[in-house]
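1. just coords:
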């Protein structure tokens, strides 16, 4: 019996696998521009700041802050763990470097805008889903 | 001096099919009901239609999301077209009407038939509202998400725009102190207005206590913050103004359109998490006219989720940014006799999810003074219709001539 909820998994490609498989090494990785050092998400072949093409995956600290969230109650897919928290978090390394994710190990009483969180990974097949938990946990 | 070429375009006729929760009718039949009604309403015949536009056109996607594409309507009516356009990558559902305005202004066509057709009520059956991608691979098993909308949402169990827009609403609540009691007014106002719309899905009164006691969908949204899937089709004719003068109706001239998206085209990466693409579309609309928000007599603003209508109210500057909550509190400002009558047919929340086109249809009804029990008093002359949330947003300002 797995304690992991059902998830629709992403199609992993050579261009996004640094993101979806970085968790195998415990790393949250984004593309970063070698020229101007901008972090880029979602993955793209051109830097949106300087239009340089030398982008390579690099790990961030995994620390982030909750920008906003919602508690999903609707059983789009049946699961015993409703409601669960969906959030948009901002990665510490760069303002505007954001990710939609789930915040785990939190309650409606503890989840709030501005909550400091850190990445944890949930493995499904060949994919490591980056989730976040309160840094106080 | 900027040329505002959409002023060469006017709406000359509207049509709507039967609308219902689950009609069980062939979607193309509903579509043609609306199209033929709009053509007749303008005083035209199908032989005079030389342009055709729709959103989103033929595609897969959620069950019932599209009832017919350009090709089916083109062929069914044996139209002889000089210009046609269908597709989903455009500034919201009304984007295809905005394109039609450009087409007639450029002389590609004289009379463009625009339509939007849905049969989500029948297609989704009794199984409840579908999440995106959930059914795409036999219950989801084995299906892999890809593409900008799904890859970074579905793996996080964010299956619906309800989740994505709820997070924008939550950020608005956080920054501006907006409350559920305030947001409720969008739903309560829609239900009051739906009582005057014989085609509306939900017409019985809705009280604040019912709203606050309803089951949650995705906080802060409860059931009544989400629009109701239905079956129905809506159509209108966009004519070149010099071809519109001798038709059956007084043309409704297009004063200005808004189609801008100046931030990132994304549900979660937009720069300001308290608003959406509609911010830019609304800004563009006011950049193209000397009219002001105070000149608008009636507003038909997309309410696929209640918060989207609040965001449109702010973006269109009916109230200052962030003050949408206090503005709608109590409901007086948006009532039929208020400062800016909103969603006079019940919107999508109570009228049914006709997906964008219902707002433009109702704007025309009001300007032509045919609202019956729900007619805004005083003979409204200027109306704004707006559709879309998230990365979708398009709006139009109409003036009765």
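-> Everything's here; your move. The structure displayed is predicted, hence computed values, not measured ones.

2. List the buried residues of stretch B:317-325.
-> Under the neighbour-count criterion of 16 or more other CB atoms under 10 Å in any protein chain shown, stretch B:317-325 has B:317-319, B:322, B:324-325 buried. Using the backbone N, CA and C atoms, a C-beta is placed for each residue, glycine as well.

3. ugh, wrong one, stretch B:118-132
-> B:118-124, B:129-132.

4. Give me the number of neighbouring residues for the residue nearest to residue B:259 when sequence neighbours are not counted.
-> Nearest non-adjacent residue to residue B:259, counting by CB to CB, 6 or more residues apart in numbering or on different chains: residue B:91, 4.1 Å away. Residue B:91 has 27 neighbours, counted by other CB atoms under 10 Å in any protein chain shown.

5. before we move on, back to that, of the buried residues of stretch B:118-132, which belong to helices?
-> Those of the buried residues of stretch B:118-132 mapping onto helices are B:120-124, per DSSP state H.

6. what's the lowest-pLDDT member of the residues you listed?
-> Lowest pLDDT among these: residue B:124, with 88.

7. if we can go back for a sec, and of the buried residues of stretch B:317-325, the nearest to residue B:222?
-> Distance to residue B:222 across the buried residues of stretch B:317-325 (CB to CB) is lowest for residue B:325, with 16.3 Å.

8. quick one: what helix or strand has that closest one in it?
-> Assigned by DSSP states H and E, residue B:325 belongs to helix B:324-328.

9. following that helix, which helix or strand shows up next?
-> Using DSSP H and E, the next helix or strand after helix B:324-328 towards the C-terminus is helix B:347-350.

10. so where is the chain shaky, pLDDT-wise?
-> Answering for chain A, as no chain was given. Applying pLDDT under 70 to the predicted model, the residue ranges of chain A that meet it are A:1-2.

11. Actually, chain B is the one I wanted.
-> For chain B, the stretches flagged by pLDDT under 70 are B:1, B:127-128, B:133-141.

12. Quick check: the residue of it nearest chain A.
-> residue B:131 (3.4 Å; CB to the nearest CB).

13. wouldn't that residue be in contact with residue A:75 here?
-> No - under the contact definition of CB atoms under 8 Å, residue B:131 does not touch residue A:75, with a separation of 9.3 Å.

14. that older thread, a strand runs through the residue nearest to residue B:259, doesn't it?
-> No - the secondary structure assignment for residue B:91 gives coil rather than a strand, going by DSSP: H, G, I helix; E, B strand; the rest coil.

15. Could you dump the ones in helices among the buried residues of stretch B:118-132 into CSV with distance to residue B:32 added?
-> Formatted as CSV, those follow (distance: CB to CB, whole Å):
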residue, distance to residue B:32
B:120, 19
B:121, 18
B:122, 17
B:123, 18
B:124, 22
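
16. from the residues you listed, which are also near chain A?
-> Restricting these to those touching chain A (CB under 8 Å from any CB of the partner chain) yields no residues.

17. starting at the chain centroid, how far to the helix holding residue B:325?
-> 21 Å (CA atoms, centre = their mean, to the nearest Å).

18. now do stretch B:330-348
-> The chain centroid and the centroid of stretch B:330-348 are separated by 16 Å, computed with CA atoms, centre = their mean.

19. Could you check how far stretch B:249-262 is from the centre of its chain?
-> Mean C-alpha position of stretch B:249-262 versus that of the full chain (CA atoms, centre = their mean) differs by 14 Å.

20. cool, and stretch B:9-17?
-> 15 Å.

21. One more: stretch B:26-42?
-> 18 Å.

22. Going by neighbour count, list what's buried in it.
-> Using 16+ other CB under 10 Å as the test for burial, stretch B:26-42 gives B:27-39, B:41-42.

23. Those in helices, which ones?
-> B:27-39, B:41-42.

24. Check for me that residue B:165 belongs to a strand.
-> No - counting by three-state DSSP, residue B:165 falls outside a strand, being helix.

25. Contacts only, for it.
-> B:221, B:276, B:304-305, B:307-308, B:389-390 (CB atoms under 8 Å, 6 or more residues apart in numbering or on different chains).

26. Among these, which ones lie close to chain A?
-> Contacts with chain A within those, counted by CB under 8 Å from any CB: residue B:221.

27. Can you tell me which of the contacts of residue B:165 end up in helices?
-> Per DSSP H, helices hold the following members of the contacts of residue B:165: B:307-308.

28. As TSV, the contacts of residue B:165 with neighbour count would be great.
-> Formatted as TSV, the entries for the contacts of residue B:165 read as follows, by neighbours: other CB atoms under 10 Å in any protein chain shown:
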residue	neighbour count
B:221	26
B:276	28
B:304	25
B:305	30
B:307	25
B:308	31
B:389	25
B:390	22
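
29. For the chain, which segments count as strands?
-> As the question left the chain open, I've gone with chain A. Remark: strands of chain A, listed N- to C-terminal, are A:9-10, A:29-33, A:39-40, A:55-59, A:63-72, A:84-91, A:98-103, A:116-124, A:127-134; assignment by DSSP state E.

30. think we crossed wires, I meant chain B
-> Using DSSP E, the strands of chain B run over residues B:9-16, B:51-54, B:83-86, B:111-119, B:144-145, B:216-218, B:221-222, B:231-240, B:252-258, B:298-301, B:382-387, B:394-400.

31. From the chain's centroid, how far away is the second one?
-> Averaging C-alpha positions (CA atoms, centre = their mean) puts strand B:51-54 17 Å from its chain's average.

32. and residue B:279, what does it touch?
-> With contact taken as CB under 8 Å, 6+ apart, residue B:279 is in contact with B:263, B:272, B:311, B:315, B:393.

33. Neighbours of the second one, how many?
-> One way to gauge burial is a neighbour count; for residue B:272, by other CB under 10 Å, it gives 13.

34. try the one 10 residues further on
-> Close neighbours of residue B:282, defined as other CB under 10 Å, add up to 28.

35. Test my guess that it contacts residue B:386.
-> Yes - counting by CB under 8 Å, a contact exists between residue B:282 and residue B:386, whose distance comes to 7.2 Å.

36. what is in contact with these two at once?
-> With contacts defined as CB under 8 Å, 6+ apart, the residues adjacent to both residue B:282 and residue B:386 are B:258, B:312, B:316, B:393, B:395.

37. wouldn't the last one be in contact with residue B:385 here?
-> Yes - under the criterion of CB under 8 Å, residue B:395 makes contact with residue B:385 at 6.7 Å.

38. Could I get the phi/psi values of the residue nearest in space to the middle of chain B?
-> Against the mean C-alpha coordinate of chain B, by CA atoms, centre = their mean, the closest residue is residue B:356 at 1.9 Å. Main-chain torsions, residue B:356, degrees, to the nearest 10: phi 90, psi -50.

39. From residue B:326, how far out is it?
-> As judged by CB to CB, to the nearest Å, residue B:356 and residue B:326 stand 28 Å apart.

40. repeat for residue B:49
-> From residue B:49 to residue B:326 the distance is 46 Å (CB to CB).
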